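> Here is the input, now give the coordinates:
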Amino acid sequence: MDDDTQDEAFADLKSRPLGGWGVAQIGVGTGLAVYGMWVGILQPGFRKVPLRLQVPYIPASRAQVQNVMTLLRGRKGDLVDLGSGDGRIVLEAHQYGFSPAVGYELNPWLVRLARFHAWRAGHHGKVSYRREDLWKVDLTKCKNVTVFLAPSVLSLLQEKLQTELPDDALVVAGRFPFPDWKPCRIEGHGVDRAWAYSVQAQRQHTVNKNDDLTAT
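Reported below is the predicted structural model:
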């Protein structure tokens, strides 16, 4: 991802009006941050997550969710959301017919919030939210993966996804693109933009790149 794209996303995010619900969500996120500081002191396991891999909680907008779903149109089967936050992507995916739809989130408060949203929407027991480190999730059978993560995390996550996912898997990133991958489709503008990536195409691109390096 070039600096202009990243700066554009940050600027758009900073200038976006939050609205009442957005303010409430950020309020929850602030509480979660305070909780995270407390846990970081008292629970050694939490301190094992490097600072650059910690992702601030910023709820996805309705437009961001819709752009992700647009890129997933025509797909079916399971869906995994890595760093699922308040669970809205998983909930929306279930409503679009993806099953099972599972969110992985390390923060226990966000897991509880996601489960509350599912219960309020009448989908309790139909979607799954698990408190688990995304780096330890087995992705070998996943066909559809969504991520709303910081660029510093995406740059490291590329290798795990390319190593574990099957060839016919599709990865959709919201808010920020993968820095070294070439998207097959893009939807939306600014901070609402989402990028779709074919795992098979990424693997072929890596093979071609390695062949070029060998030839030189």
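
> what's the following helix or strand after the helix or strand of the chain with the lowest mean pLDDT?
Ranked by mean pLDDT, DSSP states H and E, the weakest helix or strand in the chain is helix 44-47, scoring a mean of 40. Of the helices and strands lying after helix 44-47 in sequence (DSSP states H and E), the nearest is helix 62-71.

> what's the next secondary structure element after that following helix?
Using DSSP H and E, the helix or strand that follows helix 62-71 in sequence is strand 79-82.

> Show residues contacting that next one.
The contact list for strand 79-82 (CB atoms under 8 Å, 6 or more residues apart in numbering) reads 72, 87, 89-90, 93, 98, 100-104, 134, 137, 139, 142-147, 149, 157. C-beta: built from backbone N, CA, C; applies to glycine.

> Which of these fall in helices?
Among those, the residues falling in helices (DSSP state H) are 89-90, 93, 157.

> Show me where this protein dips below the pLDDT cut-off.
1-55, 211-212, 216 (pLDDT under 70).

> Quick one: the strands in it, in order.
Ranges of strands in the chain, per DSSP state E, are 79-82, 101-105, 128-131, 144-147, 170-174, 185-187, 194-198.

> Any chance of CSV for these, columns distance to residue 111 and mean neighbour count?
Formatted as CSV, these follow (distance: least, CB to CB, whole Å; neighbours: other CB atoms under 10 Å):
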stretch, distance to residue 111, mean neighbour count
strand 79-82, 12, 28
strand 101-105, 5, 26
strand 128-131, 5, 18
strand 144-147, 17, 25
strand 170-174, 19, 25
strand 185-187, 28, 16
strand 194-198, 24, 23
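
> Mind putting those into TSV with distance to residue 116?
As requested, these are exported to TSV (distance: least, CB to CB, whole Å):
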stretch	distance to residue 116
strand 79-82	17
strand 101-105	13
strand 128-131	10
strand 144-147	20
strand 170-174	22
strand 185-187	29
strand 194-198	25
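
> for the residue sitting nearest the centre point of the chain, which residues make a bridge with it?
By CA atoms, centre = their mean, the chain has its centre lying nearest to residue 147, at 1.6 Å. Applying DSSP bridges to residue 147 gives these bridge partners: residue 82, residue 173.

> And it, how far from residue 200?
Using CB to CB, to the nearest Å, one obtains 18 Å as the distance from residue 147 to residue 200.

> Same question for residue 119.
38 Å.

> neighbour count winner among the two?
residue 200 (15 against 11; other CB atoms under 10 Å).

> That one contacts residue 170, correct?
No: checked against CB atoms under 8 Å, the pair residue 200 and residue 170 is beyond contact range at 9.6 Å.

> Compute the number of surrounding residues for residue 60.
Count around residue 60 with other CB under 10 Å applied: 23.

> so what's it up against?
Taking CB under 8 Å, 6+ apart, one finds 68, 85, 88-89, 148, 174-175 in contact with residue 60.

> Now which of the residues you listed would you call buried?
Among the contacts of residue 60, the ones that count as buried by 16 or more other CB atoms under 10 Å are 68, 85, 88-89, 148, 174-175.

> Fine by me, we can end here.
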